[in-house]
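Enquirer: next input, structure requested:
(one chain, ligands or ions: 3)
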Amino acid sequence: MLVMKFGGTSVAEASRFKDVFNIVKHRSTVSGKVPLIVLSAMSGITNELIDCAKCAQASDHSLAAARLTDIKDRHYEVVEDLIPLSGRDQLLSALEIDFNRLSILLQGITYLGELSKRSLDAISSCGEILSTKIFSAYAISQKAPAVYVDARTIMLTNEDYGKAIPNLEELSARSQSEIAALMKEGKWIITQGFIGATANGVTTTLGRGGSDYSASLIGAAINADEIQIWTDVDGMMTADPRLVPEAIPVANVTFQEAAELAYFGAKVLHPLTIKPAIEKNIPVRILNTLNPDSAGTLLVEKTDNTEKICAIACKKGQTAIFINSARMLMASGFLAQVFNIFARYETSIDLITTSEVSVSLTIDNLDKLPQIEEELKQLGEVTVLNDLAIIALVGRNFREESGTAHRIFKALADLNIIMISFGASNINVSLVLTNQDADRAIKLLHSEFFSMAAVRS
Ligand code: ADP
Ligand code: ASP
Ligand code: MG
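Expert: Numbers count the residues shown, from 1 in each chain. Ligands and ions are numbered 1, 2, ... in the order given. A predicted model of the protein is given here:
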């Protein structure tokens, strides 16, 4: 069994739906494996749905309605271009029900002027429902043995709307009962990424970019032979190709490297995607719908890749907190007190560096920052710096091999490095700079480590 997940750009318009269909057909024929297809919403639609909900929250009903009409038009255009007349009416009536429901939800939010996380999930989940219904109708029109499965019947989650946590036991049991038998009969399963439902059947979402995570969870639940993440680039690249056009795809990346890169901003993969695959040791492959013959990137447990640096990732919008305390001098238990404050406010720390009397750390969730700052002030002098970026160089043997720090400092000689974390991990060196300096720093580091001359040295 193959899990094939296609992101928003892979289903951006009618011709792309056709490309996806051809890729699924070709890959399943060549491998002899039955596909389970996980789709995202059409590109940009989740953002547009969220904007619609926000207009309704601001009680601007006419704007919300106009935006919903735009969303509807975009989907109906695809239906018109894609679905033969014989199957069109049935699909359009199904979509009409979804759009009416959305319209009623938006009216409710407009009247109340209130948008709960639960209501936002009810709205933001619709993009995936629409794209999968369209793709299923198209696959059936092309005589594929396709079956539409509503992900909410298998992806049971808790009630943490907006970042719901899936119940893996239920997913495994339900996948075995709802999907496995169909796949044994050779049926293609078409389902949504990103969405789930509580035990009471209320719609939830797994967090932005969560379709990759859905694919990996479902892949693990059905013991897939491979999980394929189809996107708009040739795999995991040495840097974000939108920023560094010279970036090149990396053929093999370990699960651990991929996890670090995803966590530190390589958007091509949702950070949670890797865990279910590691647990079942299922290979994950990142592939390009626009260039389906390219090899892409294979995520594996071990690689024989000997390049020092695998790739560079960047996470902007970070905040650094500096705590300086004379009390820290020769004192024990100080760091425990600091960490305790962050733990009580459920705020996770990304990077940390310490000296004898000071500790610097970064966070990206600012919800509880005022309370945290207040408590930290009891321990020492506190300074907060916003608008920072973490740049992570992910590679190998940083602790054992010399020269990496020198090359980093040389490349960034005229930029201000605010923090550096070296040695905490053998595969990650992280730097903190201002958001403003980040893009330039990435380009400089990329040319230091990946220009042809650098690669040969
Ligand atoms: P999808 O809609 O397929 O889920 P995403 O937009 O979530 O696609 O992720 C793909 C994008 O991730 C690419 O277009 C690219 O700009 C960005 N990206 C960031 N870092 C990397 C990287 N290291 N390698 C590849 N792509 C990256
Ligand atoms: N459509 C969702 C989003 O835009 C999930 C995904 O694409 O992975 O966040
Ligand atoms: Mg994505």
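Enquirer: run through who's touching the helix or strand encompassing residue 261.
Expert: Taking DSSP states H and E as the definition, residue 261 sits inside helix 255-263. Defining contact as C-beta atoms under 8 Å, 6 or more residues apart in numbering, one finds that helix 255-263 is touched by 236, 253, 268-271, 273-275, 277-278, 284, 299-301, 310-311, 313, 315, 392, 394-396, 425, 427-428. Any C-beta I mention is one placed from the backbone N, CA and C, and that applies to glycine too.
Enquirer: the same query, at a cut-off of 7 Å, please.
Expert: 236, 269-271, 273-274, 277-278, 299, 301, 310-311, 313, 392, 394, 427-428 (C-beta atoms under 7 Å, 6 or more residues apart in numbering).
Enquirer: so how do I select the buried members of those in ChimeraX?
Expert: Buried residues among the contacts of helix 255-263 (16 or more other C-beta atoms under 10 Å), as a ChimeraX selection:
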select :236,269,270,271,273,274,277,278,299,310,311,313,392,394,427,428
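Enquirer: before we move on, the earlier item: CA atoms of the helix holding residue 261 as PDB?
Expert: This file holds the C-alpha atoms of helix 255-263, laid out as PDB (Å, rounded to 0.1, in the frame of the first residue of the first chain):
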ATOM      1  CA  PHE A 255      14.500  11.000   9.900                       C
ATOM      2  CA  GLN A 256      16.400  13.000  12.500                       C
ATOM      3  CA  GLU A 257      17.800  15.500  10.100                       C
ATOM      4  CA  ALA A 258      14.400  15.900   8.500                       C
ATOM      5  CA  ALA A 259      12.800  16.400  11.900                       C
ATOM      6  CA  GLU A 260      15.200  19.200  12.800                       C
ATOM      7  CA  LEU A 261      14.800  20.900   9.400                       C
ATOM      8  CA  ALA A 262      11.000  20.700   9.500                       C
ATOM      9  CA  TYR A 263      11.000  22.000  13.100                       C
END
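Enquirer: centre of the chain to it, how far?
Expert: 12 Å (C-alpha atoms, centre = their mean, to the nearest Å).
Enquirer: ok, the residue of the stretch 101-250 of the chain found nearest ligand 3 to ligand 2 distance?
Expert: As assessed by C-beta to the ion, ligand 3 sits closest to residue 209 within the stretch 101-250 of the chain, at 4.3 Å. Using C-beta to the nearest ligand atom, to the nearest Å, residue 209 is found at 4 Å from ligand 2.
Enquirer: tell me who's in contact with the nearest residue in space to that residue that is not next to it in sequence.
Expert: Ranked by C-beta to C-beta, 6 or more residues apart in numbering and with sequence neighbours excluded, the top spatial neighbour of residue 209 is residue 270, at 4.6 Å. Residue 270 sits next to 209-210, 212-213, 262 when contact means C-beta under 7 Å, 6+ apart.
Enquirer: again, 10 Å this time
Expert: Counting by C-beta atoms under 10 Å, 6 or more residues apart in numbering, residue 270 touches 193-194, 206-216, 229, 262-263.
Enquirer: quick one, strands of the stretch 1-150 of the chain?
Expert: 2-6, 35-39, 146-148 (DSSP state E, counting those that start in this stretch).
Enquirer: most tightly packed of the ones you listed?
Expert: Counting by mean count of other C-beta atoms under 10 Å, strand 35-39 has the highest mean neighbour count of the strands of the stretch 1-150 of the chain, with a mean of 29.
Enquirer: any idea how far residue 56 is from the residue positioned nearest the centre of the chain?
Expert: The residue lying closest to the centre of the chain (C-alpha atoms, centre = their mean) is residue 270, at 2.7 Å. Distance of residue 270 to residue 56, computed by C-beta to C-beta, to the nearest Å: 28 Å.
Enquirer: hmm, back to that, host element of the residue of the stretch 101-250 of the chain closest to ligand 3?
Expert: Using DSSP H and E, no element contains residue 209; it sits outside every helix and strand.
Enquirer: state the pLDDT value of it.
Expert: With respect to pLDDT, residue 209 scores 96.
Enquirer: show me what residue of the stretch 101-250 of the chain gets nearest to ligand 2.
Expert: For the stretch 101-250 of the chain, the residue closest to ligand 2 is residue 211, as judged by C-beta to the nearest ligand atom, at 3.2 Å.
Enquirer: contacts only, for the closest residue in space to that residue that isn't next to it in sequence.
Expert: Of all residues not flanking residue 211 in the chain, residue 193 sits nearest, at 2.5 Å (C-beta to C-beta, 6+ apart). Residues near residue 193 by C-beta under 10 Å, 6+ apart: 5-8, 37-41, 128, 131-132, 151, 155, 205-206, 209-218, 270.
Enquirer: residue 266 now?
Expert: Shown in contact with residue 266 (C-beta under 10 Å, 6+ apart): 236-237, 239-240, 253, 258, 260, 311-315, 392, 394.
Enquirer: quick one: stretch 135-146 to chain centroid distance?
Expert: 28 Å.
Enquirer: so how far is the first residue of that stretch from its last?
Expert: End-to-end span of stretch 135-146 (C-alpha to C-alpha, to the nearest Å): 10 Å.
Enquirer: in it, what's buried?
Expert: Going by 16+ other C-beta under 10 Å, stretch 135-146 has these buried residues: 135-141, 144, 146.
Enquirer: for the longest helix along the chain, name the packing helices and strands.
Expert: Taking DSSP state H as the criterion, the chain has its longest helix at helix 85-112. Packing partners of helix 85-112 (3 or more C-beta pairs under 10 Å, 6 or more residues apart in numbering; DSSP states H and E): helix 45-57, helix 61-82, helix 117-124, helix 126-141.
Enquirer: model confidence over the last one, on average?
Expert: Taken as a whole, helix 126-141 carries a mean pLDDT of 98.
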